[in-house]
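J.: Here is my input, please return the structure:
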Amino acid sequence: MPPQEPFVTRRLQVERDIVADEYGFLKANAHARAKYSIPAPSWHRIFWHPDYSTGAYPTSDDFIRDVARLTREHIVDRLVELGCDYIQLDAPNYAQWHIDPGNRAAFEEHGHDMAHELVARVEEATRYVPLDRLAVSPQCGFASGEIARTMTLAEQEAKLRLIGDIARRVWR
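T.: Numbering: from 1, shown residues only. Model prediction:
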């Protein structure tokens with residue numbers, strides 16, 4: 001029986017221009033410079049499986065190279081064309097620990113105030129980078145992929161409220 005996770009079984013192809021829709025919405029609704037975050041090609045490695053993917057891509061490196069090419073040609077180049085000047089390649093596969101419920105519970109159990117801690121980290125960062133070049137971002141933990149479901153809607157709302165609270169404290 002094949003595993004439940006989705007795996008690449010055919011060559012990747014672009015079916016529609018989601019960047020124009022997403023960035024158009026972001027640009028129209030942002031009240032400040034907008035950042036567009038996308039997963040780095042390395043994150044997609046989870047979709048390559050030696051038993052199911054070799055017909056499309058003989059190796060995971062072949063798959064990642066194609067993901068990188070498509071990312072560059074159909075996402076990054078398109079964003080630049082639309083006027084986006086703040087693009088972040090995110091590698092959530094390297095930082096999954098902070099969205100783990102056990103890690104979150106341990107943080108709170110030790111009496112840490114998440115907002116206070118994050119404001120302090122931003123203030124610390126200003127020793128190295130000007131504040132107008134810094135940002136806080138809720139990018140990880142929303143389970144935007146098909147495989148994970150790490151946060152409930154209520155948890156997602158709480159996370160966005162926390163980010164808003166931090167931003168208001170730091171950039172008052």
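
J.: What's the local residue count around Ala67?
T.: Just so we're on the same page, residue 67 is Val rather than Ala. 22 (other CB atoms under 10 Å). Glycine gets a C-beta too; all of them are placed from N, C-alpha and C.

J.: Wait, it touches Ala40, no?
T.: No. Contact criterion CB atoms under 8 Å: Val67 and Ala40 do not qualify, at 9.1 Å.

J.: Report the buried residues of stretch 68-82.
T.: Across stretch 68-82, burial judged by 16 or more other CB atoms under 10 Å covers Ala68, Leu70, Thr71, His74, Ile75, Val76, Arg78, Leu79.

J.: Leu89: what secondary structure?
T.: Put simply, Leu89 is strand when judged by DSSP: H, G, I helix; E, B strand; the rest coil.

J.: residues in contact with it?
T.: Residues near Leu89 by CB atoms under 8 Å, 6 or more residues apart in numbering: Ser37, Ile38, Pro39, Ala40, Pro41, Thr71.

J.: so what's Ser8 up against?
T.: Wrong residue type there; residue 8 is Val, not Ser. Residues near Val8 by CB under 8 Å, 6+ apart: Phe47, Trp48, His49, Tyr52, Ser53, Ala56, Tyr57, Phe63.

J.: burial of the closest residue to the third one other than its chain neighbours, as a residue count?
T.: Residue nearest to His49 in three dimensions, not counting chain neighbours: Phe7, with 4.3 Å by CB to CB, 6 or more residues apart in numbering. Here the number of neighbours of Phe7 (other CB under 10 Å) works out to 15.

J.: can you check Gln13 too?
T.: Neighbours of Gln13 (other CB under 10 Å): 8.

J.: so it is in which element?
T.: Secondary structure assignment for Gln13, by DSSP states H and E: no helix or strand.

J.: wait, what's in contact with it?
T.: If a contact means CB under 8 Å, 6+ apart, then Gln13 has no contacts.

J.: What distance do you get for it to His74?
T.: Distance from Gln13 to His74, counting by CB to CB, to the nearest Å: 10 Å.

J.: what do you get for Thr59?
T.: Thr59 is 22 Å from His74, by CB to CB.
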